[in-house]
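K.L.:
next come a sequence and a model predicted from it.
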Amino acid sequence: MDPTDKTDMKPEFTIQQLRLVQAMADFQIALSALTFLCEFPDGEQTTRITLRRYRCFQDMAVIAYWRPFSKTNGLPFLSFKQIGVKPTPEQKALHDRIGDIRNKVVAHTDADHVRIAYQTADVLDGLMMPHMEFYEGLDLYDDRWRWMEWIRVLMGAGGKKLFAEAQGRSALSVVKDSGPIRAS
């Protein structure tokens with residue numbers, strides 16, 4: 001192919017490419033949240049407030065990681081096939097576990113996954129005081145390093161796909177804000 005011949009070049013930016021670019025941003029957020037989660041004082045006594053703080057990092061990682069794989073308005077799902085990844089059974093199990101936690105605990109409250117303790121106590125001549133305890137556990141803490149490695153696999157594959165698709169095209173600049181895609 002003659003590099004000066006621009007007749008076969010494709011300047012369009014597809015919705016699938018937009019999904020992949022957005023997925024790369026989501027995976028970066030998940031990695032950042034996991035990096036903070038890795039600062040958790042493993043094996044040390046900690047307060048519920050500190051534990052809750054790290055639970056927030058875990059939950060954000062779950063949300064950001066799963067976003068490309070969930071239903072959305074205007075963007076297609078991301079599939080492993082689209083980016084040329086064939087997960088190992090362990091990676092697929094982790095992916096599915098993250099999805100279950102996202103769907104049943106983080107993004108929604110499924111009654112069969114609610115973990116709370118509630119009791120009342122008579123504190124003063126019939127004055128009943130409610131007391132609540134909530135589960136603050138880090139369900140994915142033990143998987144944090146495998147999860148980070150898996151996200152890096154996905155990002156590497158996504159980056160290779162975007163690089164390959166950029167080849168043989170004319171220069172392209174895309175801006176996507178709250179309106180339609182604008183390419184120039």
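P.N.:
Thanks, I have the structure now.

K.L.:
now find how far off-centre stretch 67-85 is within its chain.
P.N.:
Offset of stretch 67-85 from its chain centre (C-alpha atoms, centre = their mean, to the nearest Å): 12 Å.

K.L.:
can you check stretch 96-110 too?
P.N.:
12 Å.

K.L.:
check stretch 47-56 too.
P.N.:
In terms of C-alpha atoms, centre = their mean, the centre of stretch 47-56 is found 19 Å from the chain centre.

K.L.:
now it: buried residues?
P.N.:
Tyr54, Arg55 (16 or more other C-beta atoms under 10 Å). (Glycine included, C-beta is placed from N, CA and C.)

K.L.:
contacts for it, please.
P.N.:
Phe36, Leu37, Glu39, Phe40, Pro41, Glu136, Gly137, Leu138, Tyr141 (C-beta atoms under 8 Å, 6 or more residues apart in numbering).

K.L.:
for it, output the C-alpha coordinates as CSV.
P.N.:
Extracted in CSV, the C-alpha atoms of stretch 47-56 (Å, rounded to 0.1, in the frame of the first residue of the first chain):
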residue,chain,number,x,y,z
THR,A,47,-11.6,0.3,63.2
ARG,A,48,-14.9,-0.1,61.4
ILE,A,49,-14.5,3.4,60.0
THR,A,50,-11.2,2.4,58.4
LEU,A,51,-12.6,-0.9,57.2
ARG,A,52,-15.6,1.0,55.6
ARG,A,53,-13.1,3.4,53.9
TYR,A,54,-11.4,0.4,52.2
ARG,A,55,-14.8,-1.1,51.4
CYS,A,56,-15.5,2.0,49.4
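
K.L.:
now do the contacts for the residue nearest the centre of the chain.
P.N.:
When C-alpha atoms, centre = their mean is applied to the chain, the residue found nearest the centroid is Tyr65 (1.2 Å). Going by C-beta under 8 Å, 6+ apart, Tyr65 touches Asp26, Phe27, Ala30, Ile98, Trp147, Ile151.

K.L.:
any idea which element the third one lies in?
P.N.:
Element membership of Ala30, judged by DSSP states H and E, is helix 15-37.

K.L.:
quick one: list the elements packing against that helix.
P.N.:
Contact here means 3 or more C-beta pairs under 8 Å, 6 or more residues apart in numbering; DSSP states H and E; on that basis helix 15-37 packs against helix 48-66, helix 144-166.

K.L.:
now do the buried residues in that helix.
P.N.:
By 16+ other C-beta under 10 Å, the buried positions in helix 15-37 come out as 17-20, 22-24, 26-27, 30-31, 33-34, 37.

K.L.:
between the contacts of stretch 47-56, which is nearest Phe77?
P.N.:
The shortest approach to Phe77 among the contacts of stretch 47-56 belongs to Leu37, at 25.8 Å (C-beta to C-beta).
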